[in-house]
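**Q** Curious how this folds, go ahead:
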Amino acid sequence: MNSTGTDSPKSLANHFRVSGHAQDRIKLPGVFWAGLKAIGLSPTVVLRHSELPPTVYSGETFVTTPQNFAIWRSIRELSGDPTMGWKFMSQVETDQYHPTLLAALHARTYRESIERLARYKQLCSAEEFRFTPKGDEMLVEVSWPFAEGVQPPVLLIDAVFALVTELGRRGTKTKLTPKRIELTRPAERDNGLADYFGCPVKYRATRDALVLRTADLALPFATHNDELLQMLAPQFETQLQSGRIAPGTLAQVKWILKRLLSGSRPDLPMVAKELGMSDRTLQRRITDEGTTFRQLLNETRHELVRHYLGDPTVEITEAAFLVGYEDPTSFYRAFRAWEGTTPAEWRAAHLSRRAKRN
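**A** Coordinates of the predicted model:
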């Protein structure tokens with residue numbers, strides 16, 4: 001991936017296929033349930049209507065692609081509202097985004113953002129994105145390889161296209177609009193698509209596609225955060241290369257802790273809420289992995305503080321605050337337990353080694 005934001009249109013990978021070893025196991029993240037609540041629907045009611053167990057909401061049960069389709073059909077039937085697809089993604093707050101979406105939001109450009117979305121989506125669900133450059137246009141299409149011949153619900157297609165659009169709008173801080181949308185379905189009254197997307201909508205088309213302007217792909221993201229990307233991207237790339245379907249519980253807990261730690265003291269209930277599961281379920285999963293929440297918090301603080309101290313512009317007291325220590329004495333005691341030395345001595349040695357390598 002070219003990280004400069006100056007790559008040519010044709011450099012965008014064409015088809016992000018799921019691994020040949022992938023299984024049809026979808027873990028619906030907390031952002032999904034937050035989206036349901038944002039549009040006024042109860043997760044429990046939606047699951048009951050879809051004939052799925054409530055353990056899907058607690059995070060204890062995966063769903064298949066056909067079951068995911070059933071959930072989206074239930075959303076439409078329960079709401080009776082054709083606008084629910086795009087509203088679902090447009091009304092979710094950014095701070096509720098799953099770590100894979102945060103990696104896309106904090107990319108350098110719109111082009112890099114949608115590429116990260118396409119790559120990392122494979123870790124959460126069996127979706128395949130295809131990008132097709134045509135002149136001054138880029139066609140974005142999505143498919144579900146485990147659909148078993150079942151057509152995807154129209155609200156799900158709307159939600160995916162809205163997600164791609166929202167990333168562009170929130171990343172660039174502008175009212176970015178696609179060039180047009182092509183849909184295989186017939187037109188439906190009051191679906192709000194033209195108003196929300198701000199572009200023409202072509203119905204009864206030969207494909208379902210979101211058509212972007214190639215020039216828009218080079219737009220820089222005001223939300224770019226290289227520090228966060230360096231924290232998240234290597235883990236996602238490793239999981240993709242190893243063929244894992246989704247990050248394990250411990251990795252998810254650490255991602256959330258890294259997001260919550262700045263100046264606060266996150267506890268297990270806070271993390272469980274972010275993951276969309278009960279305190280008891282999260283505690284059991286952590287125990288099954290042979291560790292404790294306290295140990296995970298300690299490891300996360302250690303990883304983060306090494307990162308902060310490696311940056312000479314970050315004061316030691318600030319680094320302590322950023323990993324949740326308000327008392328300097330407690331921080332120095334913890335750091336000596338981790339590294340066997342003081343933060344200042346560790347930083348000096350680290351920067352000296354870095355200077356010699358360069």
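
**Q** Ignoring the adjacent residues along the chain, who's closest to residue 198?
**A** Counting by CB to CB, 6 or more residues apart in numbering, residue 198 lies nearest to residue 177, which is 3.7 Å off, once chain neighbours are set aside. The way it works is simple: take the backbone N, C-alpha and C, and place the C-beta from them, glycine included.

**Q** can you list the weak-confidence ranges in the chain?
**A** 1-23, 55, 58-61, 242-248, 262-263, 357-358 (pLDDT under 70).

**Q** element containing the nearest residue to residue 190 once chain neighbours are set aside?
**A** Leaving aside its chain neighbours, residue 190 sits nearest to residue 82 (6.3 Å; criterion: CB to CB, 6+ apart). Under the criterion DSSP states H and E, no helix or strand holds residue 82.

**Q** and if you look at residue 211?
**A** Going by DSSP H and E, residue 211 is in strand 209-213.

**Q** who does that strand pair up with?
**A** Partners of strand 209-213 in the sheet, by DSSP bridges, are strand 137-143 (antiparallel), strand 180-182 (antiparallel).

**Q** what's in contact with the shortest one?
**A** When contacts are defined by CB atoms under 8 Å, 6 or more residues apart in numbering, strand 180-182 is touched by residues 161, 193, 197, 199-202, 205-211.

**Q** Adding secondary structure as columns, could you present these in TSV?
**A** As requested, those are exported to TSV (DSSP: H, G, I helix; E, B strand; the rest coil):
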residue	secondary structure
161	helix
193	helix
197	helix
199	coil
200	coil
201	strand
202	strand
205	coil
206	coil
207	coil
208	coil
209	strand
210	strand
211	strand
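
**Q** of all those residues, which two lie farthest apart?
**A** The two members of the contacts of strand 180-182 with the most space between them (CB to CB) are 197 and 206, at 19.4 Å.

**Q** sorry, back to before: can you add neighbour count and distance to residue 227 and give the contacts of strand 180-182 back as TSV?
**A** Output for the contacts of strand 180-182, formatted as TSV (neighbours: other CB atoms under 10 Å; distance: CB to CB, whole Å):
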residue	neighbour count	distance to residue 227
161	25	30
193	23	37
197	21	32
199	18	34
200	13	40
201	15	39
202	15	41
205	14	42
206	8	44
207	11	39
208	21	36
209	24	35
210	25	30
211	19	34
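
**Q** What segments of the stretch 101-250 of the chain are helices?
**A** Remark: helices assigned in the stretch 101-250 of the chain by DSSP state H, counting those that start in this stretch are 110-121, 154-172, 193-197, 226-242, 249-260.

**Q** Could you identify which of those is most buried?
**A** Neighbour counts (mean count of other CB atoms under 10 Å) averaged over each of the helices of the stretch 101-250 of the chain peak at helix 110-121, with a mean of 24.

**Q** so what does it touch, helix or strand wise?
**A** If you count contacts as 3 or more CB pairs under 8 Å, 6 or more residues apart in numbering; DSSP states H and E, helix 110-121 packs onto strand 15-16, helix 99-105, strand 128-134, helix 154-172, helix 226-242.

**Q** and it, C-alpha only, in PDB?
**A** Output of helix 110-121 as PDB, limited to C-alpha atoms (Å, rounded to 0.1, in the frame of the first residue of the first chain):
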ATOM      1  CA  TYR A 110      -9.800   8.400   1.100                       C
ATOM      2  CA  ARG A 111      -8.200   5.900  -1.200                       C
ATOM      3  CA  GLU A 112      -6.200   4.300   1.700                       C
ATOM      4  CA  SER A 113      -9.200   4.400   3.900                       C
ATOM      5  CA  ILE A 114     -11.500   2.300   1.600                       C
ATOM      6  CA  GLU A 115      -8.600  -0.100   1.000                       C
ATOM      7  CA  ARG A 116      -8.100  -0.600   4.700                       C
ATOM      8  CA  LEU A 117     -11.900  -1.000   5.100                       C
ATOM      9  CA  ALA A 118     -11.900  -3.700   2.400                       C
ATOM     10  CA  ARG A 119      -8.900  -5.600   3.900                       C
ATOM     11  CA  TYR A 120      -9.900  -5.400   7.500                       C
ATOM     12  CA  LYS A 121     -13.600  -6.200   7.000                       C
END
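
**Q** What distance do you get for residue 330 to residue 321?
**A** To residue 321, residue 330 is 12 Å away according to CB to CB, to the nearest Å.

**Q** Ignore what I typed, I meant residue 42.
**A** Look at residue 42 and residue 321: by CB to CB, they are 39 Å apart.

**Q** can you check residue 256 too?
**A** 19 Å.

**Q** repeat for residue 43
**A** Residue 43 is 36 Å from residue 321, by CB to CB.

**Q** So which residues of the stretch 251-358 of the chain form helices?
**A** Using DSSP H, counting those that start in this stretch, helices in the stretch 251-358 of the chain cover 268-275, 279-288, 293-309, 316-322, 328-339, 343-357.

**Q** Quick one: closest of those to residue 220.
**A** Closest among the helices of the stretch 251-358 of the chain, using CB to CB: helix 293-309, at 24.2 Å.

**Q** so how far is that closest one off the chain centroid?
**A** Relative to the mean C-alpha coordinate of its chain, helix 293-309 is positioned 22 Å out (CA atoms, centre = their mean, to the nearest Å).

**Q** May I have that helix as PDB, with CA atoms only?
**A** Output of helix 293-309 as PDB, limited to C-alpha atoms (Å, rounded to 0.1, in the frame of the first residue of the first chain):
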ATOM      1  CA  PHE A 293      -8.100  -8.400  33.300                       C
ATOM      2  CA  ARG A 294      -5.500  -6.900  35.700                       C
ATOM      3  CA  GLN A 295      -2.700  -8.600  33.800                       C
ATOM      4  CA  LEU A 296      -4.100  -7.400  30.400                       C
ATOM      5  CA  LEU A 297      -4.300  -3.900  31.700                       C
ATOM      6  CA  ASN A 298      -0.800  -4.100  33.000                       C
ATOM      7  CA  GLU A 299       0.500  -5.400  29.700                       C
ATOM      8  CA  THR A 300      -1.300  -2.800  27.700                       C
ATOM      9  CA  ARG A 301       0.100   0.000  29.900                       C
ATOM     10  CA  HIS A 302       3.600  -1.400  29.400                       C
ATOM     11  CA  GLU A 303       3.200  -1.500  25.600                       C
ATOM     12  CA  LEU A 304       1.800   2.000  25.400                       C
ATOM     13  CA  VAL A 305       4.300   3.600  27.700                       C
ATOM     14  CA  ARG A 306       7.200   2.200  25.700                       C
ATOM     15  CA  HIS A 307       5.600   3.700  22.600                       C
ATOM     16  CA  TYR A 308       5.200   7.100  24.300                       C
ATOM     17  CA  LEU A 309       8.700   7.200  25.800                       C
END
